[in-house]
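Q: Pasted the sequence and its predicted model underneath.
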Amino acid sequence: VGSRAGRGEVEIFLAKGGHTTAWHYDFQENFTVQLRGSKRWRLRPSRDRHPLRAHTLHFADDSVVEDQRNARWLAGGDEADARALAAPKNGSGLLHGIAGSRKRRRAADGEPAAREIVLAPGDCLYFPAGMYHEVESLGDDNASLNVSLMAPSWAEVISASLRHALLRRDDFRARATSDATGRDELARLLGEAARETSSLAAGQILPPALCVNVDSAFTVDGGDESDDDADDADDAGDADDAGDSDDDSSDAGVLPERDVLAPAPWVAATLERIETGPPLDQNPLGCLTFQEQLGLPHTKGEPGWILVTANFGGNEALEPTVRERLQLPCEAYERLKHAKAQCKAGTPGQHLLWRCSGDDESDAEQAWLRTVAWLLRLGYLVPSPS
């Protein structure tokens, strides 16, 4: 899912007896596994439930303290400022209340006492973001493994999607200026940005393909079937990779082709939603590319493939949150080209082009139904709000 994907880090810590990592907290969700030796952990919750940056007390110097102060102000505002000013003055300048923290931190009035645990080989500890901890090695032969996981924040998800929506407009792509005319234009664009924000919907930003075990108006995964679906997709990818091994004329060739006619456990529920649910519209955050548009000729009457991407305008590298290559039967491929040529995202009545007939049992209509189901799953199509 591109720049909005979760990130992870794996670290190995080796320490001698008596080494202590002073009080601090991290902004990641952490799992530590004790491999050899033992460590004493002291833990205490902080007031920062969702920290933006680590509060690295043990690395306190002018190169990081100002960044930490700014991050804490964003997370706590004036309240964080008041707490910092009330802290003991152990240092000087920017380091007030931070330097000198290598000494064991005592609980202040009203604070819970630190919880102390000892990890032995084979023990695993989860400590969430914002949890203060101090770690002491209890022997010379000490090794532990730490796994840190970082999911994107809602601010990142929403702002990246809004950036994509704004970049579709010529006036938002214009270069900013700081003169009087520029200030007037900024005021106008802020109003336009508010309207663009209000037009975004959750289903446009998080299509069913990115949702796990969620049942809502825009989700097509069915409960416990999600894991089977992922396995099915992986198996299909393995099979298709063999057939695509000599196709290196486009970057899309490195993607496995998903055959829209191949069995998948989520399809039946999706087809039912298509037939009984609201009309479908094109997602303004979605993009559909035919193989000819990537320089690969297509012979009429033969199957063709398309590349579906979504929500890629939120970063300079244009990394999409969804990127899939679909293999379509010839009738569905031609019908999709016609529908795409006739409609434009947000055009009233264009949802009629995606209409399906469940009563038509012909192979061509069933292939079209499966194509629409895949486009709904990947977020190129979304339920119409009207």
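A: Perfect, I can see it now.

Q: Please read off the pLDDT at the nearest residue to Leu74 once chain neighbours are set aside from the model.
A: Nearest residue to Leu74, sequence neighbours excluded (CB to CB, 6 or more residues apart in numbering): Leu52, at 5.9 Å. Backbone N, C-alpha and C define where each C-beta goes, glycine included. Listed pLDDT for Leu52 reads 82.

Q: how many other residues sit next to Leu52?
A: 18 (other CB atoms under 10 Å).

Q: so it touches Ala71, yeah?
A: Yes. Here Leu52 reaches Ala71: they are 4.3 Å apart, a contact under CB atoms under 8 Å.

Q: before we move on, back to that, what secondary structure does the residue nearest to Leu74 sit in?
A: The assignment at Leu52 comes out as coil when based on DSSP: H, G, I helix; E, B strand; the rest coil.

Q: Can you give me the distance of it to Glu156?
A: 11 Å (CB to CB, to the nearest Å).

Q: Could you pull up the contacting residues of the residue nearest to Leu74?
A: Contact analysis of Leu52 by CB atoms under 8 Å, 6 or more residues apart in numbering lists Phe27, Ala71, Leu74, Ala75.

Q: give me phi/psi at the nearest residue to Asp360 once chain neighbours are set aside?
A: Closest residue to Asp360 apart from its sequence neighbours, by CB to CB, 6+ apart: Gln366 at 7.9 Å. Main-chain torsions, Gln366, degrees, to the nearest 10: phi -70, psi -40.

Q: what's the neighbour count on Thr309?
A: For Thr309, using other CB under 10 Å, the count is 23.

Q: Go through the contacts of Leu52 and name the one nearest Ala194.
A: Checking those against Ala194 by CB to CB gives Leu74 as the nearest, at 21.8 Å.

Q: Walking through the stretch 151-300 of the chain, point out its helices one by one.
A: 154-167, 170-173, 180-199, 202-205, 225-243, 267-276 (DSSP state H, counting those that start in this stretch).

Q: now swap in the stretch 1-150 of the chain and tell me
A: Under DSSP H, counting those that start in this stretch, the stretch 1-150 of the chain gives helices at 62-86.

Q: Could I have the CA atoms of stretch 139-147 written out in CSV?
A: Output of stretch 139-147 as CSV, limited to C-alpha atoms (Å, rounded to 0.1, in the frame of the first residue of the first chain):
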residue,chain,number,x,y,z
GLY,A,139,24.9,-10.2,32.9
ASP,A,140,27.7,-10.0,30.4
ASP,A,141,26.3,-12.6,28.0
ASN,A,142,23.2,-10.6,27.0
ALA,A,143,21.3,-10.6,23.7
SER,A,144,17.8,-9.5,22.8
LEU,A,145,15.9,-9.0,19.6
ASN,A,146,13.5,-6.1,19.2
VAL,A,147,10.7,-5.7,16.5
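
Q: how far out from the middle of the chain is that stretch?
A: 31 Å (CA atoms, centre = their mean, to the nearest Å).

Q: And for stretch 17-32?
A: 26 Å.

Q: Buried ones in that stretch, by neighbour count?
A: Thr20, Thr21, Ala22, Trp23, His24, Tyr25, Asp26, Phe27, Gln28, Glu29, Asn30, Thr32 (16 or more other CB atoms under 10 Å).

Q: next one: stretch 133-142
A: Here stretch 133-142 shows His133, Glu134, Val135, Glu136, Ser137, Leu138, Asn142 as buried, counting by 16+ other CB under 10 Å.

Q: Let me know the closest of these to Ala151.
A: Nearest member of the buried residues of stretch 133-142 to Ala151, counting by CB to CB, is His133, at 20.4 Å.

Q: Could you count how many residues lie near the residue nearest to that closest one when sequence neighbours are not counted?
A: Using CB to CB, 6+ apart and skipping the chain neighbours, the partner closest in space to His133 is Leu43 (5.2 Å). If you count neighbours by other CB under 10 Å, Leu43 ends up with 17.

Q: just use 53 as the starting number from now, easier for me
A: In the new count, where the first residue is 53, that last one comes out as Leu95.

Q: Please read off the pLDDT at Leu95 from the model.
A: pLDDT, Leu95: 94.

Q: Bridged to it, which residues?
A: Arg167, His185 (DSSP bridges).

Q: That one: what's it in contact with?
A: Ala166, Arg167, Glu168, Ile169, Phe179, Met183, Tyr184, His185.
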